[in-house]
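> what's the 3D shape of this:
(one chain, ligands or ions: 2)
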Amino acid sequence: MSGKSLLLKVILLGDGGVGKSSLMNRYVTNKFDSQAFHTIGVEFLNRDLEVDGRFVTLQIWDTAGQERFKSLRTPFYRGADCCLLTFSVDDRQSFENLSNWQKEFVYYADVKDPEHFPFVVLGNKIDKLERQVSTEEAQAWCMENGNYPYLETSAKDDTNVAVAFEEAVRQVLAVEEQLEHCMLGHTIDLHSSSKSGSSCC
Ligand SMILES: Nc1nc2c(ncn2[C@@H]2O[C@H](COP(=O)(O)OP(=O)(O)OP(=O)(O)O)[C@@H](O)[C@H]2O)c(=O)[nH]1
Ligand SMILES: [Mg+2]
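Ligands and ions are numbered 1, 2, ... in the order given. All right, here's what the predicted structure looks like:
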């Protein structure tokens, strides 16, 4: 793969059992284990990909969702470029816990500008028939809490898994682009004679 690769750290957060490890393993090894064990601390796997012409090495950090492992996972939040807030569509409590996960991440990752931090929300296990959270309800939560992208996935039948990780990269690149744009401090409107000197953010 030619061209310098950008290393991005993406972290998966969410209740125990929603499918974080399964999503990571499906994406990196294309395997699914119906008897997956609970994660105890954190694990990470790398995968190279190309998104919109940019070469990226994605370092995916998978965390233990169970409350008893909180002290083991929180030290690893710092330095994440994107956070995948994950719930399971057949587990209403995991959906209702999304804002706790977001707060936990912002606190322990010491996010300076939470308004502009790239979060992506994943509703996993959409292969299961008994849903407890509708697509509309999840989309509404994402809209109200930061206009976050929302994707519905299944690690079991490999629905939208690659798309979800690609979206995480796109969100980081979009924030980076916006920052670069703002660093310029000036927006030059090529279509009008006057030059607007205001910064854009
Ligand atoms: N039907 C279905 N089952 C899934 C899916 N993703 C994960 N599972 C199952 O759900 C259970 C929990 O999956 P994990 O990937 O271990 O969940 P986790 O979020 O990593 O859980 P913790 O490590 O405890 O935080 C396992 O039995 C998986 O096989 C999915 O998309 N569909
Ligand atoms: Mg796990």
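> which residues of this structure lie near ligand 2?
Applying CB under 5 Å from the ion, one finds that the chain approaches ligand 2 through S21, T39. All C-beta atoms are positioned from the backbone trio N, CA, C, and that covers glycine.
> how about low-confidence regions in the chain?
For the chain, the stretches with pLDDT under 70 are 1-3, 185-201.
> tell me which residue lies nearest the centroid of it.
Most central in the chain under CA atoms, centre = their mean is L84, positioned 2.5 Å from the mean C-alpha point.
> identify the bridge partners of it.
Counting by DSSP bridges, L84 forms beta bridges with L12, V120.
> what residues are up against it?
10-14, 20, 23, 119-122, 164, 168 (CB atoms under 8 Å, 6 or more residues apart in numbering).
> what's the spacing between F76 and ligand 1?
Distance of F76 to ligand 1, given as CB to the nearest ligand atom, to the nearest Å: 13 Å.
> show me the contacts for that residue.
If you count contacts by CB under 8 Å, 6+ apart, F76 has them with I11, V42, W61, T63.
> for ChimeraX, write the select line for the buried members of those.
With 16 or more other CB atoms under 10 Å as the criterion, this ChimeraX line picks the buried residues out of the contacts of F76:
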select :11,42,61,63
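> name the residues that touch the longest helix along the chain?
Counting by DSSP state H, the longest helix found in the chain is helix 161-184. The set of residues external to helix 161-184 that reach it, using CB under 8 Å, 6+ apart, is 8, 10, 23, 26-27, 47, 49, 51-52, 54, 56, 58, 60, 81-82, 84, 116-120, 122, 149, 151, 153-155, 187, 199-201.
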